[in-house]
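Novice: how would this look folded up:
(chains A and B)
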2 protein chains.
Amino acid sequence: KLEWTELDERAVDTVRVLAMDAVQKVGNGHPGTAMSLAPAAYLLFQKVMRHNPADPDWSGRDRFVLSCGHSSLTLYIQLYLGGWGLELDDIKALRTWGSKTPGHPEYGHTAGVETTTGPLGQGIGNAVGMAMAARRERGMLDPNPVEGESVFDHQIYALCSDGDIEEGVSAEASAIAGVQQLGNLTVIYDANRISIEDDTDIALGEDVGARYEAYGWHVQTVDWTRDESGYVEDVPALYEAIRKAHAVTDRPSFIVLRTIIAWPAPTLQNTGKSHGSALGEEEVAATKEILGFDPTKTFEVSPEVIEHTRQAVVRGKAAQSAWDEQFTRWAAKPSADPELYTRMQTRSLPQGWDADLPVFEADEKGVATRVASGKTINAVAPVMPELWGGSADLAGSNNTTIDGVPSFLPKDRSTKMFQGDPYAGRVLHFGIREHAMGAIMNGIASHGGTRVFGGTFLTFSDYMRPAVRLAALMQLPVTYVWTHDSIGLGEDGPTHQPIEHLAALRAIPGLDVVRPADANETVAAWKAVLERNDRPAGLCLSRQNVPTFPRGADGYTDTSKVHRGAYVLLDTDGIPDVVLIGTGSEVQLAVRARELLAAEGIAARVVSMPCREWYDEQETSYQEMVIPPTVKARVSVEAGIAQGWREVVGDHGRIVSIEHYGASADYQRIYSEFGVTAEAVAQAARDSIAATEA
Amino acid sequence: KLEWTELDERAVDTVRVLAMDAVQKVGNGHPGTAMSLAPAAYLLFQKVMRHNPADPDWSGRDRFVLSCGHSSLTLYIQLYLGGWGLELDDIKALRTWGSKTPGHPEYGHTAGVETTTGPLGQGIGNAVGMAMAARRERGMLDPNPVEGESVFDHQIYALCSDGDIEEGVSAEASAIAGVQQLGNLTVIYDANRISIEDDTDIALGEDVGARYEAYGWHVQTVDWTRDESGYVEDVPALYEAIRKAHAVTDRPSFIVLRTIIAWPAPTLQNTGKSHGSALGEEEVAATKEILGFDPTKTFEVSPEVIEHTRQAVVRGKAAQSAWDEQFTRWAAKPSADPELYTRMQTRSLPQGWDADLPVFEADEKGVATRVASGKTINAVAPVMPELWGGSADLAGSNNTTIDGVPSFLPKDRSTKMFQGDPYAGRVLHFGIREHAMGAIMNGIASHGGTRVFGGTFLTFSDYMRPAVRLAALMQLPVTYVWTHDSIGLGEDGPTHQPIEHLAALRAIPGLDVVRPADANETVAAWKAVLERNDRPAGLCLSRQNVPTFPRGADGYTDTSKVHRGAYVLLDTDGIPDVVLIGTGSEVQLAVRARELLAAEGIAARVVSMPCREWYDEQETSYQEMVIPPTVKARVSVEAGIAQGWREVVGDHGRIVSIEHYGASADYQRIYSEFGVTAEAVAQAARDSIAATEA
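Specialist: Predicted coordinates for the structure are as follows:
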C-alpha cells in the first residue's frame, strides 16, 4: 500500500512551484507538463523505482525515460529532490550556458539522465530498447530464475506525452514491444490533450488505449479528470495501476493518465500557452496562492520537504547494498560469469577477440562487402556474446544474421525460419521499422551491457535519421549495417539507390561513415568500429561483388591502416603525378584508372579512403603522407554526390560523382551510363594534371 | 452486382503468368505479391475505378496508389491490360535501362502511375494526401452538392502490404485520415503475413484491423484463406467490401484482405522467397500448369483476354464524356469558377498575384524571417485560394497559419482556437507527425489542383526526410517552412538546433534549400518559390530577429536578384580584396565584418547566397559577376557545418562554421561561444587574404 503523507503532497506542490519559477526566471521553457506531471514523477522517483542517487550508473537500477523531453523540469526537479547531485542553483540555471539543466535532458551531461530526449517519440523507442537490453543481459548472465527473482531483473518506466504518441517512431517501437512481450516495461501516457496548437482535437482523434491493446499491451486508464467532472490527482490509483503493470510480466504495460496541463494554474491550465511559455508573474503568483505558497517568494523549498525527499539517498544506498548481496550470491554460483558481467559493464573487448577474423584471398571476381561483413559478424559472435543485432526485415540482404543462435523473441513467436528464445536469442527482427530500430538501438546502448548492430538498405538510413543523430549526440557505440550502398544495387532503381546519403550521413557530427573497398578492408573496418566504444558508426556496404585485392602482393598494401580512415593502397615510384582517391566499390575504378594512366606514363597513386571521419582525426603528418600537399592533381571517385569532396581534392582536383537520381537497370549499365568508370577517372586525372599545369 | 466471367478469371491468371515471366526474364524482381494481388488489382482497374486510359491526367479520375511499390508489376500489368500505353514488350523490359517499367513505379515516367512508391509506408501517406486534396478541390470549386453528386467527387484507392503497415509513416498518416474522416479513401491491406524475413510472426503481432478501428476507420475483413482452412479468391466478397467502403462517406475505409503470397505457386506460395526473387523455371512451369497455361510458352496472352481487358479504353472514354457533360453543367452555374479550375489544373499563378507582397522597412532590430514568411503567406493567400498549408503542431512558431480562414477539418473537430470546415478549410493541422506531413504533401501535390506548404522546425526535417526525397524525385512543387534554422533558436539546445541540416538537405538532388537573410529577402524567396512549379523547396527561417537591411540605400542592393540564388548585397569600389559570402541570419555578420575590415582599409564585398541550387543554375557570367574568379580571398559564414562550402570559397578561402552540436543558452551567448561572429568573419578574411598572398 502506498504511503502518501501531507509532506509528499507538499513536495509535489514544491515541484510545481519550482517549475513555474525556473521557467519564469529564464523567461522561456515548458512549465505546464512539469506542473501536472509532478505527482506522477514524484511517485515514480520516491515511491516506485529502485535506484541510488549516489550511483546513477548502478547496473541494477530501474531506468526512467522522459520521452516528453521538453518537460525536462519533470526530471531535473526529481533529480534535485532525490539528491542526484542537482541543487537549487542548478534549477535556477535552467536553460543557461554551461548549466546542468539544459532545455532538454542530455545523456552524459546530467547525472540521472538515462537518455537524451526532446525529439518526440524517441524516448518510447529508447525505453523499448532498454527493456530488451535488460532481458538480454539477464539472459546472458542469469537466465534460469523465475521472472523477478534474478539480480539482473529491473524495470523500465517511461513518461510520454500526446506528441510522443503521435510520432510514428513510437508506433513502430510499441508494435515491437508488443511482439516482444516486454513485461518489464511500463509506459505512462500523459493524456492532457493539449499540444502547442492547443486542443489536440484538431489532430488527435484516435482511441490511444485501444491502439495499444491492438499492439498486445496491457492497458489501464487512470482518469484524474474523472471524465471531466472535476480534477482529483488520485495518486493511489496511479500507484495501484503501476503495481498491476508490474505484476503483468508477459506484456508491456500502458497507463493512460488523464491530466490537465499546468494544473492548478487558474487561467492557463488546460491551454497550449502553458505548454511552452512562461506563465507570467501574475499567474505564477496566483498559482502559488492556490498551493499555499508565498507568492512573493521564488524557489521556495521548505527544509522539511527537502529533508523528506532526500531520504531517497538513504533508501538508494540500502537498495544497492541489498542488490550487492544478491549479486555476490549470484557471482558464487557455478553458472555465473562475473568476468563477463564486468566486461559488459565496461564495454571492453575480450582478450584475443580478433584472433579468428576472416581473411579473404585475392580474387578478381571478389565478394560483396556486405557478405564480408556477415562473415566478420559471425567470426566475432562466438567470442563476443554481448554482440547482437539484426535487421529491419532485410536480414538476408544485409547479411546481419548470427548463425546458429536463436532469435531474440518469445518462444511462441518462433517461425519455420527463426527459433525464438527470449533470453538466449541474439538475432533481432525489427520488421520494416527502421526508425524504431534506431531508437531501440539507442536504448540498448544507453542501457549498457551489450553491443548492438542493426541493418537496412543505405537509402533507408533516411527513415532512421533522427535516431542516428541522437546516437551521435549521445556518443553511443551502436553500429549500422547499411548495405546496397549505391547505384550498384541495380534494378531496384532510384527509390532504393543512395545518391546523397554518404554526404548526408557524413554531415552528422560524431558519426563515423565507413565504406570499405573490399572484403579484407571490411574486416578491418569492423575491427576498428568494435574497438571504439564512444561513438556510432555506419558501415556502408556493397550489394554487388567487388574485387578482393591481393593484399601485400602486386604493390597492394595490407589493411593495417584502415582504422586511420585513408591509406595508400597502390603507390608509384617517387612523387605521384596524381592521387586517385576512392571509397568503397569505386576504389577498383581508381585501381583500373591507374593502369590506364600508367600506360600513358602517368604515375598515379591510389588512396582508399573508407572513413573521412577517421582520416580527419589523424595527425597532419600522416594525412600529408597519404595525400601530399604538393601534389595538386587529385581525383576523387565515389558513386554519389560531389558534396564534401572539394575539401579533399582542392581547386585543381576533379570529382567523379553522380549529381542526380539513379535508374532501374543492371548495375554495370548504370555505372557506364552515369559515367562512373575507370575511363572517367583516368580522364579526370588528365584534366586535373592539366589544371595544375595551367 | 459484380459481373465476373471466366474471361475475367483467365485475365487474372494471365496477370500471374506475366508477373512470373517478367521477373524470370530479367532474373530479379518481386513476383509473389503481383500473383496473389492479381484479382484485387484487376477488380479495381477493370470493375471499380473510374478512369480513362487515354487521358491519365483527367482530373476527375479515381486515383490508385500502389503503396507496396516493389510489387510494381501489380500496376504495370493492369496498365498494360487496360490500355494505358504499356505493351507486352514493356512488361518484357521490366527493370532494364530506359524501360517504362522500372523496378518501382515512377511518377512522371509511366502513364498511369500516380505516385512514386517503393520506400514503404509512403503510399498510404500519399493516398491520404490525395483524399484531402480531392476534398479541398471540391470545396473550392463546388462545395454545395451532397456527397457523391459533385463533378469533383472521386475516390482514392490504395493497395498496401505488411511492410507499409509496419512503417511509422503509415501509422501517422492513418491517424490523420481518421481525424479528417476521409470518406473518399479506401485502403486495401494485403495481409499475406510474409515479408522478406519470411513469416511475419517474428515482427508483426498486432491486430491491424483493431488498430485502424482505434484510428476511427471503417474496417472490414475479407479472408481468402477462410481462416486458413482452404484458399478461395472470393472476388465478389472483396467487391462487396469495396462497395460498402464506398458507401461509408464519413470515415476512411480499411479492408483487411487475407491472401497467400505467390498463390498458386505449388512450392513457393506463402514463402519469403517468393516475395523478392524469381521463382525459377521449374516453379514457373508448374504454376502455369496449375493455371492451365502452356508451360513451354512465356508471356502468353490470349487475344480474347486482351480484347476483353482493353474494353477499359471504351469504358474510360464514355466515363470521361459523361464527366465532361457534368462539368459543362457545373461550369454553367453562376457559382462556378471555371477559370480557377483551369488555373489550378495548369498550376499557374493568377494575374498580379504578387501585387500585395509585403515590404519591410529598414530596421536595425529587424524581424525574424519566419515572421516575414508568415506575412508573405497571408499577403498571397487572398489571391491564391489554391494555397493552403499548416504545421506539424508548430503553427505559432512556424508562422504558417493563414489568418481568417477555417481549418481543414470536419466541423465537429473545431476547437476554441480553430474553426473546422471540411471544404472551406485551408489551415492544416498534422499533429506532431512530420513524416506523414511530408507524405501527405506529396499526395496533395501529385493529386494536383492545389499548392501546399507545411512547417516544422528545421531540425525535424530529419523526421520527414524520406518524403522530402520523394518530393524531389517526383519534382513536386511542395514548400517546406522550416523555421528555427540554427543555434539562433537558443535555449532548446542541441536536440533542436540544426547543425548539419542545411548541408544534408542541399545534398538531396532536386530540392531547393532557401535561407533568406532578412525580411525582404524572405518575401522575394517566397515569390521565387511560388513561381516555380516543378520542384520542392524548403525555406529555412530564423526564429530570432535579424536586421532588415535598408534596401536601395547605404549601398545595399534591392532584392530583385534573390531568385538567382546569390547576389551582391554590399559592394566596394573596384575589385574587392575579399568576398564575404553569407546565408540567412549570418549575412548580418558579413555586413558587420565588412565594416570592421573597411576600418583597416580592406575592401570587402558582401554576397548574400540564399539558395545554392538557384545560384548553381545561373550562367557562368552571372556567377563570376557575383564571385569574381580572380578574387581568391573568400569567406563563407553559416551557422552550420562547413561541408560543401569549400566549393564556393576555394583553396584560399576560409569557412566560418560549426562542426559540433549546439548548446542550451540564449542565442547571443551561443554564437559568441561558438565563434560565429563578425570578428571571426573579419579574421577569416584577413587569413584568406594572407593565404592568397603567400
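
Novice: stretch A:217-233: end-to-end distance?
Specialist: The separation between the terminal residues of stretch A:217-233, taken as CA to CA, to the nearest Å, is 25 Å.

Novice: contacts for it next, please.
Specialist: When contacts are defined by CB atoms under 8 Å, 6 or more residues apart in numbering or on different chains, stretch A:217-233 is touched by residues A:12, A:39, A:174, A:177-178, A:209-210, A:212-213, A:234, A:237-238, A:241, A:244-245, A:248, A:251-260, A:263-264. Every C-beta, even on glycine, is put in place using the N, C-alpha and C of the backbone.

Novice: list buried residues within those residues.
Specialist: A:12, A:39, A:174, A:177-178, A:209, A:212-213, A:237-238, A:241, A:245, A:251-260, A:263-264 (16 or more other CB atoms under 10 Å in any protein chain shown).

Novice: hang on, the earlier thing: which of the contacts of stretch A:217-233 fall within helices?
Specialist: A:12, A:39, A:174, A:177-178, A:209-210, A:212-213, A:237-238, A:241, A:244-245 (DSSP state H).

Novice: any chance of these in CSV, with pLDDT and distance to residue B:356 too?
Specialist: Converted to CSV, the ones in helices among the contacts of stretch A:217-233 look like this (pLDDT from 0 to 100; distance: CB to CB, whole Å):
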residue, pLDDT, distance to residue B:356
A:12, 98, 54
A:39, 98, 52
A:174, 98, 48
A:177, 98, 53
A:178, 98, 54
A:209, 98, 49
A:210, 98, 48
A:212, 98, 49
A:213, 98, 53
A:237, 98, 57
A:238, 98, 55
A:241, 98, 57
A:244, 98, 61
A:245, 98, 58
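
Novice: give me the pLDDT value at the residue positioned nearest the centre of chain A.
Specialist: Most central residue of chain A, judged by C-alpha distance to the mean C-alpha position with CA atoms, centre = their mean, is residue A:442 at 2.7 Å. The confidence metric pLDDT takes the value 98 at residue A:442.

Novice: after the helix or strand hosting it comes which helix or strand?
Specialist: Residue A:442 belongs to helix A:434-447 when elements are defined using DSSP states H and E. Where DSSP H and E defines the elements, the next helix or strand beyond helix A:434-447 is strand A:451-457.

Novice: which strands and helices sit next to whatever helix or strand comes next after that following strand?
Specialist: Of the helices and strands lying after strand A:451-457 in sequence (DSSP H and E), the nearest is helix A:465-474. With contacts defined as 3 or more CB pairs under 8 Å, 6 or more residues apart in numbering or on different chains; DSSP states H and E, helix A:465-474 has these neighbours: helix A:122-141, helix A:434-447, helix B:461-474.

Novice: can you report phi and psi for the residue of the stretch 301-450 of chain A found nearest chain B?
Specialist: In the stretch 301-450 of chain A, no residue comes nearer to chain B than residue A:431, which is 3.2 Å away by CB to the nearest CB. Per-residue torsions, residue A:431: phi 70, psi -170 (degrees, to the nearest 10).

Novice: so it makes contact with residue B:205?
Specialist: No. Taking CB atoms under 8 Å as the definition, residue A:431 is not a contact partner of residue B:205, at 9.4 Å.

Novice: higher neighbour count, these two?
Specialist: When neighbours are counted by other CB atoms under 10 Å in any protein chain shown, residue A:431 and residue B:205 differ, and residue A:431 comes out ahead with 26 against 22.

Novice: can you tell me how far that one sits from residue B:127?
Specialist: Distance check for residue A:431 against residue B:127: by CB to CB, to the nearest Å, it reads 21 Å.

Novice: against residue A:411, how distant is the residue in the stretch 51-200 of chain A positioned nearest to chain B?
Specialist: Per CB to the nearest CB, the residue of the stretch 51-200 of chain A with the smallest distance to chain B is residue A:168, at 2.3 Å. According to CB to CB, residue A:168 and residue A:411 sit 29 Å apart.

Novice: now the residue in the stretch 201-350 of chain A that chain B sits nearest to. Nearest residue, chain neighbours left out?
Specialist: For the stretch 201-350 of chain A and chain B, the shortest gap (CB to the nearest CB) falls at residue A:203, measuring 3.2 Å. In space, residue A:203 comes closest to residue B:431 once its chain neighbours are excluded; the distance is 3.2 Å by CB to CB, 6 or more residues apart in numbering or on different chains.

Novice: report pLDDT for the one you found.
Specialist: Residue B:431 is assigned a predicted lDDT (pLDDT) of 98.

Novice: likewise for residue A:148?
Specialist: Reading off the confidence values, residue A:148 has pLDDT 88.

Novice: so who does it touch?
Specialist: For residue A:148, the residues meeting the contact criterion (CB under 8 Å, 6+ apart) are residue A:249.

Novice: likewise residue A:133?
Specialist: Residue A:133 neighbours (CB under 8 Å, 6+ apart): A:443-444, A:447-450.

Novice: what does residue A:284 give?
Specialist: Going by CB under 8 Å, 6+ apart, residue A:284 touches A:20-21, A:24, A:295.

Novice: try it again at 6 Å.
Specialist: Residue A:284 is in contact with A:20, A:24, counting by CB atoms under 6 Å, 6 or more residues apart in numbering or on different chains.

Novice: mind listing what's buried in stretch A:362-382?
Specialist: A:362, A:366-381.

Novice: those in helices, which ones?
Specialist: Using DSSP H, the buried residues of stretch A:362-382 in helices are A:369-380.

Novice: check what pLDDT the residue lying closest to residue A:240 once chain neighbours are set aside gets.
Specialist: Once flanking residues are discounted, residue A:240 sits nearest to residue A:2: 7.9 Å by CB to CB, 6+ apart. Per-residue confidence at residue A:2 stands at 96 (pLDDT).

Novice: so residue A:2 versus chain B, what's the distance?
Specialist: The spacing between residue A:2 and chain B, counted by CB to the nearest CB, to the nearest Å, is 31 Å.

Novice: which of the helices or strands spans that residue?
Specialist: Secondary structure assignment for residue A:2, by DSSP H and E: no helix or strand.

Novice: what about it, how many neighbours?
Specialist: Residues lying near residue A:2 (other CB under 10 Å) number 15.

Novice: residue of the stretch 501-650 of chain A nearest chain B, please.
Specialist: Checked against chain B (CB to the nearest CB), the nearest residue in the stretch 501-650 of chain A is residue A:507, 3.8 Å away.

Novice: hang on, that residue packs against residue B:643?
Specialist: Yes. With contact defined as CB atoms under 6 Å, residue A:507 counts as touching residue B:643 (5.5 Å).

Novice: give me the common contacts of those two.
Specialist: Counting by CB under 6 Å, 6+ apart, the residues touching both residue A:507 and residue B:643 are residue B:503.

Novice: hey, C-alpha coordinates of stretch A:571-586 in PDB?
Specialist: Extracted as PDB, the C-alpha positions of stretch A:571-586 are listed here (Å, rounded to 0.1, in the frame of the first residue of the first chain):
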ATOM      1  CA  ASP A 571      51.700   3.600 -54.900                       C
ATOM      2  CA  THR A 572      54.100   4.800 -57.600                       C
ATOM      3  CA  ASP A 573      57.900   5.200 -57.500                       C
ATOM      4  CA  GLY A 574      58.600   8.600 -56.200                       C
ATOM      5  CA  ILE A 575      56.200  11.500 -56.200                       C
ATOM      6  CA  PRO A 576      53.000  10.700 -58.000                       C
ATOM      7  CA  ASP A 577      51.700  12.800 -60.800                       C
ATOM      8  CA  VAL A 578      48.200  12.500 -59.500                       C
ATOM      9  CA  VAL A 579      46.500  11.000 -56.500                       C
ATOM     10  CA  LEU A 580      43.300   9.000 -57.100                       C
ATOM     11  CA  ILE A 581      41.100   8.800 -54.000                       C
ATOM     12  CA  GLY A 582      38.200   6.300 -53.900                       C
ATOM     13  CA  THR A 583      35.800   4.800 -51.400                       C
ATOM     14  CA  GLY A 584      34.000   1.500 -51.400                       C
ATOM     15  CA  SER A 585      33.200  -0.100 -54.600                       C
ATOM     16  CA  GLU A 586      34.700   2.700 -56.600                       C
END
